[in-house]
Structures are given as structure tokens and as C-alpha cells.
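Asks: quick one, what's the 3D model for this:
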Amino acid sequence: MPTRMAVSSIRRSRWTPTYQAYAATSIRAQVGNTQTELKKLAEQNPELKDAYIAKQRRLKSKLFDHDNMNLKKLLDELESVMDQVETELQRRAEETPEEGSSSWLCGDFFSLADVSLAVTLHRLKFLGLSRRYWGNGNRANVETYYERVVERPAFRKVLGHVNNILISAVLPVAFRLAKRNAPIIVGTTLLIGALGGATYLAFLCMKKRLTFFS
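Replies: Predicted structure coming up:
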């Protein structure tokens, strides 16, 4: 289906937008808080200072270094994709004109295409770009679609806590340095136990959250 291909064509790995211009205030605040927390951790743990500083630099570079020309090109390309999505959603609405009836991107069932589109829309909302792509009556079908998506219990369970970048910034450093600096025998045992426990807890958490998109 063309719409599914269009949604899949969005190059998420190249999304490095200018946060001062496009990101929501909450994200900018989180970035600042993360930088502050990493600096504090570096002061509290001198032996890990280099690692925390390096992580701080990488985070700052990833979030704030950008190419405005490429950004504008990507945002303009996304306009075309969103037009295709709007057209497809309008077609679905015309196929089910009965009051109270509703359909998803590929029909009357919530499919993997909807998962991909829902995550993309949620990311745009997270970045403060929703007004550009479906706000103020622009692309009304996309706006209605997103409102329906966020009301799904499974969606709230899985994506309800995606706005905490501090955890993703600190945990990888902690695990990597624990492996590097732990004593050969005891440290390895503790590391394996910690990783196993973390994996099991993650499994239980995901099992609880992922009733899948029903």
C-alpha cells in the first residue's frame, strides 16, 4: 500500500531538528536537566568523571548540532507524506460513512501500519511539530486519527513514559563502566546478576504493558 510505504520512508535516524525553534518547552527543559544531572554525577563520582563528561558532550552534540538546510528539506518531505496519509484516512472515512463507525489506516483493524504511523505522529507531537502538520484544522483526518490513537489503553501503557531522556543517557554509561572497572570474578558475577535482573524486570514490565494493540 502506498501510504504504508510512505510512512515507512520517514528517515527517523536523520531527525536532528533545531530544538530552539521546533522542540516543545518541556523537551528543552529536560535536556537542560539532563546536562545538569550528568554534571552533578561527574562531581559526585570523580572516578567516572571522564565518562559522564563524554556522555554529556555526545548528548549535547546529538541534540543541538544540526544542518538547517537538511532540516528544512526533511520537514518539507514530511509534508508530502502527511498529505498522503490525510488522503488515505479520508478515503477510509468515506468507505465507512455510518455515524459512530471508524476505521484505521488499512481498514477496520489496527495494523502494524497504524503502529508505525502512531509512533511517528507521537514523535512529532513530542517535538512540538504537531501544529505544523495537523493543527488548526490542517489535515483534520490526521488530527482525529491521532486523538483516537492516544486514547488506546495499549498506546498509553507503551508510550506513556517516553519523555524521560535522563534514564537513556545514564544507564548505558553505568553498565559499560561497571563491566570495565569491576573485579574479574566478583565484578563479573555482580554484573551478570544485575543484567539478568534488569532483563527480567524489563520483561515483566513489557509483559504487563504489552497487551498489544487490540
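Asks: where in this protein is pLDDT low?
Replies: When residues are selected by pLDDT under 70, those of the chain lie in 1-31, 62-70, 97-101, 160-214.
Asks: what do you get if the cut-off is 50, keeping everything else the same?
Replies: Scanning the chain for pLDDT under 50 picks out 1-24, 164-169, 171, 182-195, 198-201, 203-205, 210-214.
Asks: give me the longest helix you can find in it.
Replies: Counting residues, the longest helix in the chain under DSSP state H turns out to be helix 68-95.
Asks: and that helix, which residues are buried?
Replies: 71, 74, 78, 81, 82, 85, 86, 88, 89, 92, 93 (16 or more other Cβ atoms under 10 Å). From N, CA and C alone the C-beta is placed, and that goes for glycine too.
Asks: what distance do you get for the last one to residue 130?
Replies: In this view, residue 93 and residue 130 are 20 Å apart by Cβ to Cβ, to the nearest Å.
Asks: so which elements touch the host helix or strand of residue 147?
Replies: Residue 147 belongs to helix 140-150 when elements are defined using DSSP states H and E. Applying 3 or more Cβ pairs under 8 Å, 6 or more residues apart in numbering; DSSP states H and E, one finds that helix 140-150 contacts helix 68-95, helix 112-126, helix 130-134.
Asks: would you mark the buried spots in the last one?
Replies: Under the neighbour-count criterion of 16+ other Cβ under 10 Å, helix 130-134 has 130, 132, 133, 134 buried.
Asks: between those, which sits nearest residue 114?
Replies: residue 134 (15.6 Å; Cβ to Cβ).
Asks: residues touching the closest one, list them.
Replies: By Cβ atoms under 8 Å, 6 or more residues apart in numbering, the residues touching residue 134 are 82, 121, 140, 142, 143, 146.
Asks: let's see it at 6 Å
Replies: 142, 143 (Cβ atoms under 6 Å, 6 or more residues apart in numbering).
Asks: looking at it, residue 142 is touching residue 86, isn't it?
Replies: Yes. If you go by Cβ atoms under 6 Å, residue 142 and residue 86 touch, sitting 5.3 Å apart.
Asks: show me what the longest helix of the chain is packed against.
Replies: Helix 68-95 sits against helix 2-8, helix 140-150, with contacts defined as 3 or more Cβ pairs under 6 Å, 6 or more residues apart in numbering; DSSP states H and E.
Asks: how about the last one: buried residues?
Replies: Yep, that's helix 140-150 we're talking about. In helix 140-150, counting by 16+ other Cβ under 10 Å, buried: 141, 142, 143, 145, 146, 149.
Asks: reformat the buried residues of helix 130-134 as TSV; add distance to residue 106.
Replies: Shown next, in TSV, are the buried residues of helix 130-134 (distance: Cβ to Cβ, whole Å):
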residue	distance to residue 106
130	23
132	25
133	21
134	19
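Asks: wait, which of those residues is closest to residue 32?
Replies: residue 130 (22.3 Å).
Asks: which non-adjacent residue is nearest that closest one?
Replies: Distances taken as Cβ to Cβ, 6 or more residues apart in numbering put residue 124 closest to residue 130, at 5.6 Å, once the chain neighbours are dropped.
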